[in-house]
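Student: I would like to see how this sequence folds:
(one chain, ligands or ions: 1)
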Amino acid sequence: MCRCLIAQCALVLSAHFLQRIRKAFLKASPSVSLPGTLENEARRRNKKPKMHGLGLGLRTEMSGRARITALNLLRSSFNQSRSLHSPAFATKAVEDISGSQPAEVYNLVQGNWEGSSTWSWILDPLNGEPFIKVPDVQEEGLEPFVESLSRCPKYGLHNPLRAQERYLMFGDISARAAHMLAQTEVSDFFTRLIQRVSPKSYKQAQAEIYVSQKFLENFSGDQVRFLARSFAIPGNHLGQHSHGFRWPYGPVAIITPFNFPLEIPLLQLMGALYMGNKPLLKVDSKVSIVMEHMLHLLHGCGLNKEDVDFINTDGKAMNKLLLEANPRMTLFTGSSRVAEKLAVDLKGRVKLEDAGFDWKILGPDVHEVDYVAWVCDQDAYACSGQKCSAQSILFMHENWVSSELISKMQSLAERRKLEDLTVGPVLTVTTNSMLEHVNKLLQIPGSKLLFGGKPLENHSIPDIYGAIQPTAVFVPIDEILKDTNFELVTKEIFGPFQIVTEYKQDQLPKVLDACESMHAHLTAAVVSNDPLFLQEVLGRSVNGTTYAGIRARTTGAPQNHWFGPAGDPRGAGIGTPDAIRLVWSCHREIIYDIGPLPKRWEIPPST
Ligand SMILES: NC(=O)c1ccc[n+]([C@@H]2O[C@H](COP(=O)([O-])OP(=O)(O)OC[C@H]3O[C@@H](n4cnc5c(N)ncnc54)[C@H](O)[C@@H]3O)[C@@H](O)[C@H]2O)c1
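Tutor: Residues are numbered from 1 along each chain as shown. The predicted model follows:
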C-alpha cells in the first residue's frame with residue numbers, strides 16, 4: 001500500500017519533471033523537435049521533414065549540436081518517467097513503435113548521446129512503414145568518432161599492469177547486467193524488441209537474451225581478471241623470469257550484422273571491454289535500436305559512458321571511418337564479401353566471423369528419425385534460415401532414403417507460419433532472388449523441388465525484403481561436384497532454404513571432397529553414433545564448430561562452447577574465455593632481468 005503510494009508520487013513527480021524539461025527545451029530552442037515528435041513538430045508548423053530516398057528508406061535533415069545537451073537531459077528524464085512501466089532504460093514501449101509513433105536511435109560518442117545531420121528510416125519488416133529513425137552519419141560527420149578512438153592509447157584503458165581495478169569493475173557490471181536480464185520484464189522487453197526488428201519466433205528471440213544473460217553471469221565477480229591470467233617462466237639466472245601477459249589492442253572496432261541484434265554485439269563488446277580495449281561499435285542500423293537500449297542498461301549497471309562509442313552509419317562511411325581512425329583491431333561479423341574487403345583495407349588487422357555454408361552429414365545408422373527430422377527443420381528454417389550456422393546442405397546416407405525423414409521434414413516445415421514468426425521476412429535477400437536461385441538449381445539434371453519453393457501469401461512484408469516458404473531442393477551428389485554447378489549449389493542463401501542430397505556407402509569420399517572444396521568452414525553436424533564413421537568424417541574436415549552424434553545440429557551458439565570458423569588464421573570466436581582472449585588480446589612477454597650481476601663480472605670478448 002505504502003509502496004504503491006510512493007510509486008504514484010514518483011510517477012507524478014517524474015512526469016512533472018519531464019514536462020518542465022520539455023518546456024525549457026522548447027523555449028531554449030523553439031525550432032527543434034523532441035525525440036519521437038519530429039513529425040508532430042513539423043505538422044504543427046505545416047512543414048514536412050525533409051526526406052530523400054536512401055537504401056532502405058528515407059533521410060531527414062535535423063538541426064545541429066546545440067540541441068544535444070538538452071536532448072541528453074531529456075532522454076535521461078524520459079527514462080526516469082518510464083521506469084514504472086517499462087524497464088528504466090527503455091526509451092519507448094515496444095508495442096508503441098510503429099509508423100505512427102516511430103522510435104529514434106542515437107549515436108554515442110565521447111560520452112554523449114547525439115543525433116546526426118542526416119537520418120535514415122528503417123522500414124517495419126512486417127508492413128513496410130517507416131518506424132525507426134536512425135542517424136546516418138555521413139563521411140563529413142566522422143571526425144568525433146575518429147577523435148574519440150584516437151584518445152585511447154595502444155596499451156588500452158586497462159591492462160595487467162595498469163588500472164587493474166577496471167577488471168573488477170567489469171566483473172561487477174556483468175553481475176548487475178546479468179541480474180537485470182534475468183528479470184522477466186527486462187527479458188521480455190528485449191525479446192519483443194528483437195522480434196520487431198529482426199522478426200523471429202518469441203522462443204528464438206528469447207534465446208538471445210538467455211545466452212547473453214548466462215554469458216554475463218559467467219564473467220561476473222573475479223572472472224574478468226581471470227581472463228587476463230598471465231604466466232611466468234624461470235629465467236637463466238638470478239633475477240630473470242619471463243612473464244606472458246594478455247595485452248589489449250587499445251582502440252578497436254566491432255561491426256555486426258542484423259540477424260542477432262543483441263547476442264553478437266553484446267558478447268563481442270563485453271569481451272573487448274574486459275580485456276582493456278576501447279571499442280567503437282557499429283551494428284546494422286536495421287536492428288541497432290536493440291543495442292542502443294542495451295547500452296542504456298549497461299550504463300545503469302556502471303559502464304562509463306566514455307568507454308564505448310556507438311555509431312549508426314552505412315557500410316561505405318564505416319569503411320572510411322576505419323581507414324581514418326585506424327583501430328588496432330577490427331572484429332567483423334557479416335558476409336564474406338565485406339570481410340575480404342576489410343581484411344585488405346585494414347592490412348590484416350582483423351578477426352572475421354563471416355559467411356556460413358553449413359553442412360550436415362547423416363551417417364549409416366538410422367535411428368531417432370523424428371528427432372533428426374525436427375533438428376533438421378530447426379537448423380534449416382528457424383529464424384527463417386537467417387543464422388550463419390543454418391543448415392545449408394544435408395548429405396543423407398542411402399540408408400536414410402527409405403526412412404520417412406524427408407516427409408517428416410516437410411510436415412514440420414509446413415507447420416511454420418507468419419503469425420508466430422516461425423517463418424517470416426528475410427532481410428537481405430528478396431523473394432525474387434531466392435526463387436530465381438531455386439529455378440537455376442532446378443535446371444541441374446536430376447534435381448527436384450522437395451517442398452516449398454513458393455512465395456509466402458497474405459502478408460504485407462515490403463518488396464525490399466524476402467518472403468518464401470521453407471524450401472528444400474534435391475541435387476544429385478555427382479552433379480554437385482561438377483565445376484559448372486559447385487559454386488551455384490554452395491552459394492549461401494540467407495533465408496529459409498537448403499539443398500538435400502544422398503550418397504551411397506562408397507561415395508563418402510565424394511561427400512568429404514565437397515566439404516573440403518567449400519570456402520566457409522563455420523559449423524557442421526555429423527549425425528551418427530557410429531564411432532568409426534565419426535572418426536572418418538571428423539578427421540577429414542575442418543569446420544570450427546562441429547556437432548557429432550545422433551543429436552548433432554548445425555545451429556546453436558550458446559555461451560558454453562566456442563563458436564567460430566576454423567581453417568583461417570583470421571577466424572574469430574565468440575562466447576567463451578578462449579574466444580575472448582584470442583579475439584580481444586594479444587600476447588606480450590615481459591622478461592624481468594633485475595640482477596644482481598655475478599660477483600667479479602667482467603666485460604667478455606665481443607661476439
Ligand atoms: N560467422 C558468424 O558468426 C556470423 C554471424 C552472423 C552472420 N554472419 C554472416 O553475415 C551475413 C549476413 O549479414 P549481412 O548480409 O547483413 O552482412 P553484411 O556483410 O552486408 O553486413 C554486416 C555489417 O557490416 C557492415 N558493412 C557493410 N559493408 C561494410 C564496409 N565496407 N565496411 C564496414 N562495414 C560494413 C554492415 O552495415 C553491417 O553492419 C551472412 O553471410 C552470415 O553468414 C556470420
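Student: CA only for contacts and neighbour counts going forward, please
Tutor: OK.
Student: near the ligand, which residues of the stretch 151-300 of the chain show up?
Tutor: Applying C-alpha under 6 Å from any ligand atom, we find that the stretch 151-300 of the chain lies next to the ligand at Ile255, Thr256, Pro257, Phe258, Val283, Asp284.
Student: Repeat the analysis, applying 5 Å as the threshold.
Tutor: Taking C-alpha under 5 Å from any ligand atom as the measure of proximity, the stretch 151-300 of the chain contacts the ligand at Thr256, Pro257, Val283, Asp284.
Student: who's in contact with the closest residue to Val473 other than its chain neighbours?
Tutor: Take Val473 and drop its neighbours on the chain: the residue closest to it by C-alpha to C-alpha, 6 or more residues apart in numbering is Leu449, 4.6 Å away. Going by C-alpha atoms under 8 Å, 6 or more residues apart in numbering, Leu449 touches Leu442, Thr471, Ala472, Val473, Phe474.
Student: is it true that Trp359 lies in a helix?
Tutor: No. Counting by DSSP: H, G, I helix; E, B strand; the rest coil, Trp359 falls outside a helix, being strand.
Student: Gln386 versus that one, what's the distance?
Tutor: Distance, Trp359 to Gln386, by C-alpha to C-alpha, to the nearest Å: 15 Å.
Student: Comparing those two, which residue is more hemmed in?
Tutor: Shown here are Trp359 and Gln386; by other C-alpha atoms under 10 Å, Trp359 has more neighbours (29 against 24).
Student: got the contact list for that one?
Tutor: Gln391, Ser392, Ile393, Leu394, Phe395, Cys515, Thr523, Ala524, Ala525, Thr554.
Student: can you pull the pLDDT of it?
Tutor: On pLDDT, Trp359 comes in at 98.
Student: so Tyr167 makes contact with Tyr274?
Tutor: Yes. Counting by C-alpha atoms under 8 Å, Tyr274 is a contact partner of Tyr167 at 6.5 Å.
Student: what sits in contact with each of the two?
Tutor: Val224.
Student: More neighbours: which of these two?
Tutor: Tyr274 (30 against 24).
Student: separation between the more buried one and Trp247?
Tutor: Tyr274 is 11 Å from Trp247, where distance means C-alpha to C-alpha.
Student: name the element Leu597 belongs to?
Tutor: Assessed by DSSP states H and E, Leu597 sits outside every helix and strand.
Student: Dump the contacts of Leu449 to a markdown table, plus secondary structure, pLDDT and neighbour count.
Tutor: Shown next, in a markdown table, are those (DSSP: H, G, I helix; E, B strand; the rest coil; pLDDT from 0 to 100; neighbours: other C-alpha atoms under 10 Å):
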| residue | secondary structure | pLDDT | neighbour count |
| --- | --- | --- | --- |
| Leu442 | helix | 98 | 16 |
| Thr471 | strand | 98 | 24 |
| Ala472 | strand | 98 | 26 |
| Val473 | strand | 98 | 22 |
| Phe474 | strand | 98 | 21 |
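Student: where does the stretch 501-607 of the chain have low pLDDT?
Tutor: Under the criterion pLDDT under 70, no range of the stretch 501-607 of the chain is flagged.
Student: And the nearest residue to Glu398 once chain neighbours are set aside, how far from the ligand?
Tutor: Leaving out its chain neighbours, the residue that sits closest to Glu398 by C-alpha to C-alpha, 6+ apart is Lys504, at 5.2 Å. Distance of Lys504 to the ligand, given as C-alpha to the nearest ligand atom, to the nearest Å: 30 Å.
Student: okay, now Lys504: neighbour count?
Tutor: Residues near Lys504, counting by other C-alpha under 10 Å, number 14.
Student: In this structure it contacts His397, no?
Tutor: Yes. Here Lys504 reaches His397: they are 6.1 Å apart, a contact under C-alpha under 8 Å.
Student: anything in contact with each of these two?
Tutor: By C-alpha under 8 Å, 6+ apart, no residue touches both Lys504 and His397.
Student: Is the helix or strand containing Val583 in proximity to the ligand?
Tutor: Assigned by DSSP H and E, Val583 belongs to helix 577-584. No. Using C-alpha under 5 Å from any ligand atom, helix 577-584 never reaches the ligand; the gap is at least 12.0 Å.
Student: Output the contacting helices and strands for that helix.
Tutor: helix 223-227, helix 263-274 (3 or more C-alpha pairs under 8 Å, 6 or more residues apart in numbering; DSSP states H and E).
Student: Return the set of buried residues in the last one.
Tutor: Taking 16 or more other C-alpha atoms under 10 Å as the basis for neighbour counts, the residues of helix 263-274 that come out buried are Glu263, Ile264, Pro265, Leu266, Leu267, Gln268, Leu269, Met270, Gly271, Ala272, Leu273, Tyr274.
Student: just the first one next, same as before
Tutor: The neighbour-count check on helix 223-227 (16+ other C-alpha under 10 Å) flags Gln223, Val224, Arg225, Leu227 as buried.
Student: How far off centre is stretch 515-523?
Tutor: Centroid separation between stretch 515-523 and its chain, computed with C-alpha atoms, centre = their mean, to the nearest Å, is 21 Å.
Student: Alpha carbons of that stretch, as CSV, please.
Tutor: The C-alpha trace of stretch 515-523 is given here as CSV (Å, rounded to 0.1, in the frame of the first residue of the first chain):
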residue,chain,number,x,y,z
CYS,A,515,33.0,-30.3,-47.8
GLU,A,516,36.7,-29.7,-48.5
SER,A,517,36.0,-27.6,-51.5
MET,A,518,33.6,-25.2,-49.7
HIS,A,519,35.2,-21.9,-48.8
ALA,A,520,33.4,-21.2,-45.5
HIS,A,521,34.1,-23.6,-42.6
LEU,A,522,31.8,-22.4,-39.8
THR,A,523,29.5,-25.1,-38.4
